[in-house]
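K.L.:
Quick one, what's the 3D model for this:
(2 chains)
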2 protein chains.
Amino acid sequence: MTTDPLVVFTPSGKRGRFAAGTPVLTAARQLGVDLDSVCGGRGICSRCQITPSYGEFPKHGVTVRDGALSAWNTVEERYKSKRGLKEGRRLGCQAQILGDVVIDVPPESQVHKQVVRKRAEAREIVLNPAITLHYVEVAEPDMHDPSGDVQRLQAALAAQWQIAAAQVDLALLPRLQPMLRKGGWKVTCALHHGAAGVPTVIELWPGLRDEPVYGLAVDLGSTTIAAHLCDLRSGAVVASSGLMNPQIRFGEDLMSRVSYAMMNPGGAAEMTAAVRDGMNTLFAQICAEAGIAATEILDAVFVCNPVMHHLFLGIDPFELGQAPFALATSEALNLTARALDLDLHPSARVYVLPCIAGHVGADAAAVALSEAPDKSEDLVLIVDVGTNAELLLGDKSGVMACSSPTGPAFEGAQISAGQRAAPGAIERVEIDPVSKEPRFRVIGCELWSDEDGFAAATAATGITGICGSGIIEAIAEMRLAGIVDGPGLIGSPEQTGTARCFADGRTHSYMLYDGSASGGPVIAITNPDIRAIQMAKAALYSGARLLMDKRGVDHVDRIVLAGAFGAHISPKHAMVLGMIPDAPLDKVTSAGNAAGTGARIALLNTEARRLIEQTVRAIHKVETAIEPRFQEHFVNASHIPNSVDPFPILRGVADLPEVTFNTGGDSGGRRRRGRRG
Amino acid sequence: MTTDPLVVFTPSGKRGRFAAGTPVLTAARQLGVDLDSVCGGRGICSRCQITPSYGEFPKHGVTVRDGALSAWNTVEERYKSKRGLKEGRRLGCQAQILGDVVIDVPPESQVHKQVVRKRAEAREIVLNPAITLHYVEVAEPDMHDPSGDVQRLQAALAAQWQIAAAQVDLALLPRLQPMLRKGGWKVTCALHHGAAGVPTVIELWPGLRDEPVYGLAVDLGSTTIAAHLCDLRSGAVVASSGLMNPQIRFGEDLMSRVSYAMMNPGGAAEMTAAVRDGMNTLFAQICAEAGIAATEILDAVFVCNPVMHHLFLGIDPFELGQAPFALATSEALNLTARALDLDLHPSARVYVLPCIAGHVGADAAAVALSEAPDKSEDLVLIVDVGTNAELLLGDKSGVMACSSPTGPAFEGAQISAGQRAAPGAIERVEIDPVSKEPRFRVIGCELWSDEDGFAAATAATGITGICGSGIIEAIAEMRLAGIVDGPGLIGSPEQTGTARCFADGRTHSYMLYDGSASGGPVIAITNPDIRAIQMAKAALYSGARLLMDKRGVDHVDRIVLAGAFGAHISPKHAMVLGMIPDAPLDKVTSAGNAAGTGARIALLNTEARRLIEQTVRAIHKVETAIEPRFQEHFVNASHIPNSVDPFPILRGVADLPEVTFNTGGDSGGRRRRGRRG
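P.N.:
Have a look, this model is predicted:
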């Protein structure tokens, strides 16, 4: 009695015995080893390349002798002579197992390969896209047994790929017959694997096609639309591009767009058309950059806040503008690009991530997918800072979400010298606690304002204003330097001992930069500026505090700042302001555009779509608008950093002078409440 | 121990015991008794009306006493006072079972009611449409537990109607929120139940809606497009209308349209646009007639031959013009009206019946659905006579199908005095076997040409030509009168003994009507006319004979003539010509527009869709073009009635003179072969 040869695959470690003569690809499939193949084992696509190892493998208990694999056959020889094969590589579909062998599957031969992310990932991205390629040989039509070309294609997919009941997209039907004949009944199909489980053939190429297929991950923001073009077969980002959201002409923030729809008949439809047009412009732009046609894009994933979500889908966001903030639909959507007027492949598919609640959108869901709070061992607070901040708090025992109406102050709006983050804008500020003299940096220049060459280096851009991160640092530095007090009042020249403080109406301002001598702007931090930031940061902090109340904790283990703005905030200054809860500074990190990353994960891995749908359903939603304690937290958080919460960790690393400038006048702490996008 | 009351439902005879207090509707549902309800048992739609019977029912073994049903409650009283109820009727959802009772469900309270057909049906049509209406009460949005309106609507359908995982059509999303609020969270949904088993909400009305919803059954022919507008809740045909197929300008028959597509770049797309435009015109026309908006049409079923099928779907019919006559797709299609540019409801659904083979289309499938050869006890031959004849032969042990290229002669084309069936056309002919004198009738007049008042009655239309049924009768009568011989030659005046036969080039013609004296046409039957009809009828007969060969029979039990033309053919004359196999004349019947009827069945009953899909898969397809015996049968069938097959039944009822007019010249029996639409 002889024993069948033992095969050990690396790196998976999967092993099994197979009858002598079994092709390596067959063995891999039976063991569930991830070994790619587009041609289905015909020795023409070369995706199934493997490397056999010879010698002693005590770890595996195997000795591999020469002859463990069959000799090169003509198919393999022909492939090698025509296209070449790396030293030591074999074609898995041709090489047969004859004796015990150890077989390595190199990364490029794996379908579900790991996609490289730039930073330590919260969640592995394994390539498992909705679009797959399959080479098939289709039976020719037979008058004795008539059937449609579609039906014979379906039969080929079932027999050669075990893909049953594949549908053929209507838009492909007109091209099906010429394509099958052009390929001599050998074609490569692009299949879309939808949520319903029925795969659909959406594209067809004659012969074997082993080229990239493309997908788009789109982060549709109120202000900008950002898209990543990805190769769905390698997971690589091929191009990235952004565009201002053309809806800006209907209103800067979300609430003004909701108002526009309410005040103007057809206004919502107008904004829907604008954003879809804008996306098509962006897609054309990104395709031009990558040198591909938009029709090569077969799949697209969208994340956006609820108002953009509704406008994108053609739904009037009216209900989102008022309690109870009812979404038309909250679950994930599987749609076609055609239905959304998107100029992609005529059968391209679209996936829209689920919304969490009326103010916590698919963008927040994407952040949850990227940052995976539901997988976290420690308690993490994730803050996506924007004109409407979304907050997630939780760990693997559970996650809660809320949004908070921070308003546009963090983006430089409502600030006297405020501006968008653009060259010339002050982005970083330091104030000497003794001299009370400031120095700053502007976007586009690496030098501080007190360094040699600063004037020359900024001559081109000028010094034009102050952006969100700049105003946060300025006020935090003013607090640290004793120029502004806890309630948010700027002291007089006498109280602060610096002439940079000057009377400005009924309150005082702090002169950061006076360019008036050279015809430039006067950039001062005014008390209304401070009030605007107080409102914004109090809203943000109150949301976080509310989630902490619900969770029954008074601190969090770590804080993740998401969003492009979050990437530019200095954790220390944010904490001095009391924007975010007290935490060790090294536990406050930036996740960059986590929503965009979440979109890309969902594009590259359909399993991640199912996962985030489940996660979102499980997230506990907290509506700040109806929480009685929100107002109390808000009042406390109007103080810099906070009138009640002690911030012990912060106070351990930063000195917060106990100054008071109130002389009985206006406290500057008027409270407002309102939702702004 | 007491026994629960016994309930007997009529007419179903279903019976069961239920706890006292059970509403009649609940009992009906549990027993599977077909009792309608739109409002889900809330006493507002009144679809569940039933009639209790009182007294002794020995047949059912029940005595029904007063008080067997609960007294009228306020809901029922209010309904009756506001809307009225027929004497003896109760609302099934309100009346509770208190004692043994016999309950009749009147036809109008049944969902799956039998639809009345004009003639004895081959297959029962039970109403079971793809669109159903459901009244639901949807939960209002809750900030403490945020969810989309779609998700709460889904939950309501699941809880109140046990309809799980219903989808909401994208096109409905923009109207969902206003509609739910307008209805005060009470709405009636129109659900489409597709093949995939996932129901989709495609329309929504505020409150209870108990109005008809509409569907279209469309027979898309090469020459005409005919549509029936049906009320999907009663099964009634509300309006019927027809339109010339606008593709006629690209070619009269199918083959010339295939050629047009081949010769003209973009020609197929042009024809697709033309036929879709034509349909939209027809739909507007039929809606105007019925006084409804096209957007009220929620479902449509299409039947058509393969070339029209492809052009309608936007597929170039190129492959259908040449062997192996490969269909792009043969199975049934579930599509949206939008994808086909049809101006119906924005979410209207479309079902296209399956094709049987490259020349046997969805129209033949519809004939099979209507005539149900697969359910027949005896062997039936179904002939759909058109420019391309489709033939079905079978019984419940199996069905075969083929098509035969009859060409347009049966429609009056290729006939010297031929014309379409229209007022003024000769449609019936008799020739006295002794005097050889003819008489005839024209369309639009009930009188024969030798009856008093004929001239006056036809003065308006004139006598303009001869249509398909007229030419068939004329030639058959000529054969019976010994004016034309078996091979198809018309005799000379000497041979026939009548001056109506006259030399006409190298052959003779028979004068049917000479209107030249009054400036009218000369309508003669020429030898080329006879040859054209011989070709057409030989093709038809050969197809039938081939199916009989395959089946191993030399006769059929009955023959069904389908198609508008089939309805006008005289069975005896058709048999004298040898168009159809020998059979007792009373076993030759007309099914009228069986394809249209099949479309209507598929519209009204989704189960019939599944059934015909199975039936079509089981039909054995015979391709006449490659059958070696076709040519032999064709040659034999060129003879009138046939040079080989004896036609004993025909000869028992008709005298076929054994004349021969061939004097050694052209036999007139040249054969051609070619596919024409």
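K.L.:
Return the helix or strand of chain A with the lowest mean pLDDT as PDB; C-alpha atoms alone will do.
P.N.:
Comparing every helix and strand of chain A by mean pLDDT, DSSP states H and E singles out helix A:563-568 as the least confident one, with a mean of 80. Extracted in PDB, the C-alpha atoms of helix A:563-568 (Å, rounded to 0.1, in the frame of the first residue of the first chain):
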ATOM      1  CA  GLY A 563     -10.600  64.200   8.900                       C
ATOM      2  CA  ALA A 564      -8.100  66.400   6.900                       C
ATOM      3  CA  PHE A 565      -8.500  69.100   9.600                       C
ATOM      4  CA  GLY A 566      -7.800  66.600  12.400                       C
ATOM      5  CA  ALA A 567      -4.500  65.900  10.800                       C
ATOM      6  CA  HIS A 568      -3.400  69.500  11.200                       C
END
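K.L.:
Identify each buried residue in it, please.
P.N.:
Of the residues in helix A:563-568, A:563-566, A:568 count as buried by neighbour count, 16 or more other Cβ atoms under 10 Å in any protein chain shown. Bear in mind the C-beta positions are built from the backbone N, C-alpha and C, glycine included.
K.L.:
following that helix, which helix or strand shows up next?
P.N.:
Per DSSP states H and E, helix A:563-568 leads on to helix A:571-577 as the next helix or strand towards the C-terminus.
K.L.:
what's in contact with that next one?
P.N.:
The contact list for helix A:571-577 (Cβ atoms under 8 Å, 6 or more residues apart in numbering or on different chains) reads A:472-473, A:475-477, A:479-480, A:533, A:537, A:559, A:561, A:580, A:582-583, A:585, A:588, A:640-641, A:647, A:650, A:653-654, A:656.
K.L.:
helix or strand right after it?
P.N.:
By DSSP H and E, the next helix or strand past helix A:571-577 is strand A:588-592.
K.L.:
partner strands of that next one, parallel or antiparallel?
P.N.:
Looking at strand A:588-592 with DSSP bridges, its partner strands are strand A:558-562 (parallel).
K.L.:
ok, back up a step: among the contacts of helix A:571-577, which ones are buried?
P.N.:
Of all the contacts of helix A:571-577 considered here, the ones buried according to neighbour count by 16+ other Cβ under 10 Å are A:472-473, A:475-477, A:479-480, A:533, A:537, A:559, A:561, A:580, A:582-583, A:585, A:588, A:640-641, A:647, A:650, A:654, A:656.
K.L.:
Within range of chain B, give me the residues from the stretch 201-350 of chain A.
P.N.:
In this structure, the stretch 201-350 of chain A approaches chain B at residues A:313-316, A:318-319, A:323-331, A:333, A:335, A:339, judged by Cβ under 8 Å from any Cβ of the partner chain.
K.L.:
Make a ChimeraX selection of the buried ones in the residues you listed.
P.N.:
Selecting only the buried entries of these in ChimeraX, with 16+ other Cβ under 10 Å as the criterion:
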select /A:313,314,315,316,318,319,325,326,327,328,329,330,331,333,335,339
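K.L.:
now, which of the residues of the stretch 201-350 of chain A next to chain B lie within helices?
P.N.:
Taking DSSP state H as the definition of helices, those contribute residue A:313.
K.L.:
quick one: the helices in the stretch 301-450 of chain A?
P.N.:
The residue ranges that make up the helices of the stretch 301-450 of chain A, judged by DSSP state H, counting those that start in this stretch, are A:306-313, A:362-371.
K.L.:
Deepest in the core, which of these is it.
P.N.:
For the helices of the stretch 301-450 of chain A, average neighbour numbers computed from mean count of other Cβ atoms under 10 Å in any protein chain shown are highest in helix A:362-371, which has a mean of 31.
K.L.:
Remind me what that one packs against, helices and strands.
P.N.:
Under the contact criterion of 3 or more Cβ pairs under 8 Å, 6 or more residues apart in numbering or on different chains; DSSP states H and E, the helices and strands touching helix A:362-371 comprise strand A:297-304, strand A:380-384, strand A:389-395, strand A:398-404, strand A:558-562, strand A:588-592, helix A:594-604, helix A:606-618.
K.L.:
Mean pLDDT lowest where, among these?
P.N.:
Summarising mean pLDDT across those, the least confident stretch is strand A:588-592, with a mean of 90.
K.L.:
quick one: that strand to helix A:362-371, angle?
P.N.:
Relative orientation of strand A:588-592 with respect to helix A:362-371: 110 degrees, computed using axes from the mean of the first three to the mean of the last three Cα atoms, to 10 degrees.
K.L.:
Restricting to C-alpha, output strand A:588-592 in PDB.
P.N.:
Extracted in PDB, the C-alpha atoms of strand A:588-592 (Å, rounded to 0.1, in the frame of the first residue of the first chain):
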ATOM      1  CA  VAL A 588      -3.900  61.500  20.700                       C
ATOM      2  CA  THR A 589      -3.200  60.500  17.100                       C
ATOM      3  CA  SER A 590      -4.400  61.500  13.700                       C
ATOM      4  CA  ALA A 591      -5.900  59.100  11.300                       C
ATOM      5  CA  GLY A 592      -5.900  61.400   8.300                       C
END
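K.L.:
Kindly calculate the angle that that strand makes with strand A:380-384.
P.N.:
Inter-element angle recorded for strand A:588-592 and strand A:380-384: 50 degrees (by the same axes, to 10 degrees).
K.L.:
what comes into contact with strand A:588-592?
P.N.:
Contacts of strand A:588-592 with the rest of the structure, by Cβ under 8 Å, 6+ apart, involve A:367, A:370-371, A:382, A:558-562, A:564, A:566-567, A:569, A:571, A:574-575, A:580, A:597.
K.L.:
what stretches of chain A score poorly on pLDDT?
P.N.:
Applying pLDDT under 70 to chain A picks out residues A:1, A:115-124, A:664-677.
K.L.:
Pop the domain breakdown of it in here.
P.N.:
Following automatic domain parsing, one finds the domains of chain A at A:6-109, A:131-206, A:214-352, A:371-403+A:532-593+A:629-653, A:417-525.
K.L.:
element containing residue A:634, please.
P.N.:
Taking DSSP H and E as the definition, residue A:634 sits inside helix A:628-638.
K.L.:
That helix near chain B at all?
P.N.:
No: residues of helix A:628-638 contacting chain B under Cβ under 8 Å from any Cβ: none, with a closest distance of 12.4 Å.
K.L.:
which other helices and strands contact the next helix or strand after that helix?
P.N.:
Per DSSP H and E, the first helix or strand lying C-terminal to helix A:628-638 is helix A:648-653. The elements that helix A:648-653 packs onto, with contact taken as 3+ Cβ pairs under 8 Å, 6+ apart, are helix A:571-577.
K.L.:
And residue A:59, how far from residue B:29?
P.N.:
As defined by Cβ to Cβ, to the nearest Å, residue A:59 lies at a distance of 65 Å from residue B:29.
K.L.:
Of the two, which one has the most company?
P.N.:
Higher neighbour count among residue A:59 and residue B:29: residue B:29, with 17 against 10, using other Cβ atoms under 10 Å in any protein chain shown.
K.L.:
For that one, which three-state class applies?
P.N.:
helix (DSSP: H, G, I helix; E, B strand; the rest coil).
K.L.:
how about it, what does it touch?
P.N.:
For residue B:29, the contacting residues are residue B:35, taking Cβ under 8 Å, 6+ apart as the criterion.
K.L.:
how much space between it and residue B:307?
P.N.:
Here the criterion is Cβ to Cβ. By it, residue B:29 lies 47 Å from residue B:307.
K.L.:
One more: residue A:517?
P.N.:
84 Å.
K.L.:
For the stretch 451-600 of chain A, just list every one of the strands.
P.N.:
A:465-466, A:501-504, A:507-514, A:522-525, A:558-562, A:588-592 (DSSP state E, counting those that start in this stretch).
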